[in-house]
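**Student:** Just the structure for this:
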Amino acid sequence: MQLTAVRRAPGQLINETFALYDPAGRLTPVLAADLAAWDFFFGFALLFAATIFRGDKLQSAVRVGLFAGGILCLAGVAGPASGNLRFQYPAIAGYAFVFPAICLLLVLVFMRDKNEVSTVSGSDQVSL
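**Tutor:** Modelled structure (predicted):
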């Protein structure tokens, strides 16, 4: 969206709107909202999702991975809070590497659960 909007819009206003840093070197509201979404809210979402998975080894691996990704994302809040965005690197590891790996494990969990539900529902009919 940024490249299209910047190329089509004349003037410096659009460039200033979509800039990541202001002339003084501070974060702009656009980047602050992005970091809040990925670091803070996504981190808590992963932590809350981790509490759902209990059971066998596969679900335990998903739980540990979601918990680790959430902690990494929340650790990334230190970057914008301190003004040193190098402290934001753990969050990038959390949502760019840990979360996609956990999504692959989630595919296995849901495929296995789907197969278990289809075999159980085919043999046990529940009437209300």
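**Student:** give me the low-pLDDT residue ranges for this structure?
**Tutor:** Applying pLDDT under 70 to the chain flags residues 1-23, 25, 118-128.
**Student:** try 90
**Tutor:** 1-35, 55, 79-86, 112-128 (pLDDT under 90).
**Student:** Identify the residues contacting the helix ranked longest in it?
**Tutor:** Counting residues, the longest helix in the chain under DSSP state H turns out to be helix 99-123. For helix 99-123, contacts defined as CB atoms under 8 Å, 6 or more residues apart in numbering pick out Leu46, Phe53, Leu58, Gln59, Ala61, Val62, Gly65, Leu66, Gly69. Every C-beta, even on glycine, is put in place using the N, C-alpha and C of the backbone.
**Student:** Identify each buried residue in it, please.
**Tutor:** For helix 99-123, burial by neighbour count (16 or more other CB atoms under 10 Å) applies to Phe99, Ile102, Leu105, Leu106, Val109.
**Student:** That helix: how far from the chain's middle?
**Tutor:** Chain-centre distance of helix 99-123: 21 Å, with CA atoms, centre = their mean, to the nearest Å.
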